[in-house]
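# sequence? don't have it. structure:
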Ligand SMILES: Cc1cc2nc3c(=O)[nH]c(=O)nc-3n(C[C@H](O)[C@H](O)[C@H](O)COP(=O)(O)OP(=O)(O)OC[C@H]3O[C@@H](n4cnc5c(N)ncnc54)[C@H](O)[C@@H]3O)c2cc1C
Ligand SMILES: NC(=O)c1ccc[n+]([C@@H]2O[C@H](COP(=O)([O-])OP(=O)(O)OC[C@H]3O[C@@H](n4cnc5c(N)ncnc54)[C@H](O)[C@@H]3O)[C@@H](O)[C@H]2O)c1
C-alpha cells in the first residue's frame, strides 16, 4: 500500500478532470489524477469527437447526392462503412495525445490508472494507493442510461459506448430517443445510406425551442429519417431479421440494429460517497453554486454534477473550481452565458432563455428580433438559405438566442460574450462583420431590433427633416 499526499486529487480524466489537472499543476499545485478507463473520457472516446467525425463523413456523402443544384451531376455515394469507422478511429487517435497519460505526466501530474473510491472524508483509495488531498475534484462523468424496457436485455443493442466500434453498415437503424444523440446519429446514418427510424416518447428535440427544432426535424424527414413522436417504447424483441420495438400505444418498428439514446446517468455508484459525507440528488452529486459538495473539501464538476452535460461546461467548471481551490477566491458557476449546439445539418444552437421561457419570465417587456438565413447572401450562395435567428431582448439587452441554420454553433459564440459582458443590442449592431459571412446574421438580427425604432419612427423622420433644412 503506497500513501500519497497531494494538494489536489482529481478523480476522472475526461473533459472536466483533465482541465482541472492541467490548470492546477501549471499554476504550481501538486496534482494526482485518477482514471479507471480511457484517458479523455466520453468526449474523446465515445462522444463529441467520434460523433462529429461521423457527421463529417456523412456530410461528404450528402454533398455528392446534392451537387446538382451547383450544376455538378449528382452521384449516389459509394459508402464503405468500415472505412468511415476507420476515419472516426483516426480522428480519435489524432486528438488522443492531447489527453494522454504521457502529456499529463510531462506537465508534472501524477497519473494513476485505477478507479478511485472514498475510504474516509479525506482519503481516496485507487488500486494499491491511498491518497490524502487538501482538495478533491470529482469529475467521473456519466454513462448511457439504459431504461428498464421489457426485452431490452435479450437483444444486442448499441449505446454511444459501442456505436463507433468497427462493424458492417446497419441496414435499418432503430433509435430509441430523439434527443441530440438520437438526432445527430439519425442524420449521420441516413446520409451514409442506412434506413433510420427514431422512436421518441415525447417530442423530438424536446429541450429546444419548438420553432427552431421544427426546421431540423423537417430537414431530417426530407432526407428520409422516419421520426415517430409520442411513441413511448414499452418492449423490445429479437426477430428473425433483427430487432423490433413496440410502443405503449401499439406501434411496432422493425429494424436490423438498435441504438439506445435516452439520456445519461451520472457515475456516482463506484465512489463510496457515503464514506466522505457526500450527498447525491436524482441527477448526480449535490453541489452548491461554487460546485462544492456537502463535504467542503470536495468539489464535483462536469456531467457528474448533474446540470448541463456538455464538454465546454465541464471545462468551464474546471476554471470555477481552480479559482476557489488554488486562490481561495469566491467563485460561482453561472449558466446564463452557456451555449449549446446540436450538429445536425442545419445546426441548432441555443443560449439563455428560449422564446417561451423569456415570455414566461419577462411578459410584455420581451421583444424578439428575427432574421432569416434566406436573406443572408453567403447562405444563399452556398445554397443553405434555410433557418433563422431569434434574439430575445429585454430592455435593450439579449437574454436568450435561438439559431437554426448553417454553422449555428459558430454563430452562437458571440452571444455568450454579449450575455456574460451584459452587452446591449447596440454593441452587436455596431460591430462590423466581413461580407459575405454567415456571421452577419448576428448583426442583422440586431439591425432588425433597431429597424422599427429608426425607420418607422415619426419623431426620427421629423428630426432628420429639420436637421436637413438647417445643414449647409
Ligand atoms: C454521443 C455523444 C456526443 C456528445 N457530443 C457533444 C458535443 O458535441 N459537444 C459537447 O459539448 N458535449 C457533447 N457530449 C457530452 C460530453 O461528452 C460530456 O458532457 C463530457 O464528456 C463530460 O465530461 P466529464 O469530464 O464530466 O466526464 P467524462 O468525459 O465522462 O469523463 C469522466 C471520466 O471519469 C472516469 N471515471 C469514472 N469513475 C471513476 C472513478 N471512480 N475513478 C477514476 N476514474 C473514473 C471515466 O472512466 C471517464 O474517463 C456528447 C456526449 C455523447 C454521449
Ligand atoms: N451536440 C451536443 O452538444 C451533444 C450531442 C449529443 C449529446 N450531448 C449530451 O448528451 C446528453 C444526452 O443526450 P441524449 O440524446 O441521450 O439524451 P436526452 O435526454 O437529451 O434525450 C433523450 C430522449 O429520449 C426520450 N426517451 C426517454 N425514454 C424513452 C422511451 N422509453 N421511449 C422513447 N423515447 C424515450 C426522451 O423523451 C428524450 O427526448 C445531452 O443532454 C447532451 O448533454 C450533447
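Nice, I can see it. None of the values given here were measured: they were computed from a predicted structure. Residues are numbered from 1 along each chain as shown. Ligands and ions are numbered 1, 2, ... in the order given.

# and the stretch 51-200 of the chain, which residues reach ligand 1?
51, 115, 116, 139, 140, 141, 142, 160, 181 (CB under 6 Å from any ligand atom). Yep, even glycine has a C-beta here, placed from its N, CA and C like the rest.

# can I get these in TSV with neighbour count, pLDDT and distance to residue 467?
Output for those, formatted as TSV (neighbours: other CB atoms under 10 Å; pLDDT from 0 to 100; distance: CB to CB, whole Å):
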residue	neighbour count	pLDDT	distance to residue 467
51	21	98	57
115	18	98	73
116	28	98	72
139	32	98	61
140	30	98	65
141	26	98	62
142	23	98	61
160	20	98	62
181	23	98	58
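
# Provide the secondary structure category for residue 136.
On the three-state scheme (DSSP: H, G, I helix; E, B strand; the rest coil), residue 136 is labelled strand.

# what's the answer for the one 10 residues further on, then?
Under three-state DSSP, the three-state class of residue 146 is coil.

# contacting residues around it?
Residue 146 makes contacts with 152, 159, 260, as judged by CB atoms under 8 Å, 6 or more residues apart in numbering.

# show me where the stretch 351-472 of the chain has its strands.
Along the stretch 351-472 of the chain, counting by DSSP state E, counting those that start in this stretch, strands occupy 366-372, 388-394, 397-405.

# near ligand 2 at all, stretch 249-259?
No - Stretch 249-259 lies out of reach of ligand 2 by CB under 6 Å from any ligand atom, never closer than 9.7 Å.

# contacts for that stretch?
155-159, 163, 170-176, 182, 185, 195, 197, 199, 228, 230-232, 236, 239, 241-247.

# what do you get for stretch 268-282?
Against stretch 268-282 from outside (CB under 8 Å, 6+ apart): 11, 36, 115-122, 138, 140, 266, 284-286, 293-295, 298, 300, 304, 306.

# ok, of these, which come out buried?
Neighbour-count burial (16 or more other CB atoms under 10 Å) applied to the contacts of stretch 268-282 gives 11, 36, 115-118, 122, 138, 140, 266, 284-286, 293-295, 298, 300, 304, 306.

# before we move on, back to that, if you look at the residues of the stretch 51-200 of the chain next to ligand 1, which of them are in strands?
Cross-referencing these against strands under DSSP state E gives 116, 142.

# of the residues of the stretch 51-200 of the chain next to ligand 1, which is the nearest to ligand 1?
residue 141 (2.2 Å; CB to the nearest ligand atom).

# OK, contacts around that closest one?
Residues in contact with residue 141 (CB under 8 Å, 6+ apart) are 12, 14, 16, 41, 42, 266, 267, 302, 303, 304.

# coming back round to it: mind putting the residues of the stretch 51-200 of the chain next to ligand 1 into a markdown table with distance to residue 344?
Converted to a markdown table, these look like this (distance: CB to CB, whole Å):
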| residue | distance to residue 344 |
| --- | --- |
| 51 | 11 |
| 115 | 35 |
| 116 | 37 |
| 139 | 28 |
| 140 | 29 |
| 141 | 24 |
| 142 | 22 |
| 160 | 16 |
| 181 | 11 |
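
# which one of the residues of the stretch 51-200 of the chain next to ligand 1 is nearest residue 428?
Residue 428 lies nearest to residue 51 out of these, by CB to CB, at 31.0 Å.

# just to revisit the earlier point, please list only the buried members of the contacts of stretch 249-259.
Buried among these (16+ other CB under 10 Å): 155, 157-159, 163, 170, 172-176, 182, 185, 195, 197, 199, 228, 231, 236, 242-247.

# and ligand 2, which of those residues reach it?
Okay, of the buried ones among the contacts of stretch 249-259 touching ligand 2 (CB under 6 Å from any ligand atom), that's 176, 182, 199.

# disregarding flanking residues, what is the spatial nearest neighbour of residue 59?
Among residues not flanking residue 59 along the chain, residue 345 sits closest, at 6.5 Å (CB to CB, 6 or more residues apart in numbering).

# any residues touching stretch 36-46, and which ones?
Here stretch 36-46 makes contact (CB under 8 Å, 6+ apart) with 12-15, 17-18, 47-49, 92, 95-96, 99-101, 104, 111, 113-116, 126, 141-143, 160-161, 163-164, 270, 303, 311.

# which of those residues fall within strands?
Per DSSP E, the contacts of stretch 36-46 map to strands at 111, 116, 126, 142, 143.

# any idea how this structure splits into domains?
2-39+100-143+265-327, 152-263, 339-455 (automatic domain parsing).

# out of the ones you listed, which one sits most buried?
Counting by mean count of other CB atoms under 10 Å, domain 2-39+100-143+265-327 has the highest mean neighbour count of these, with a mean of 20.

# thanks a lot, see you next time.
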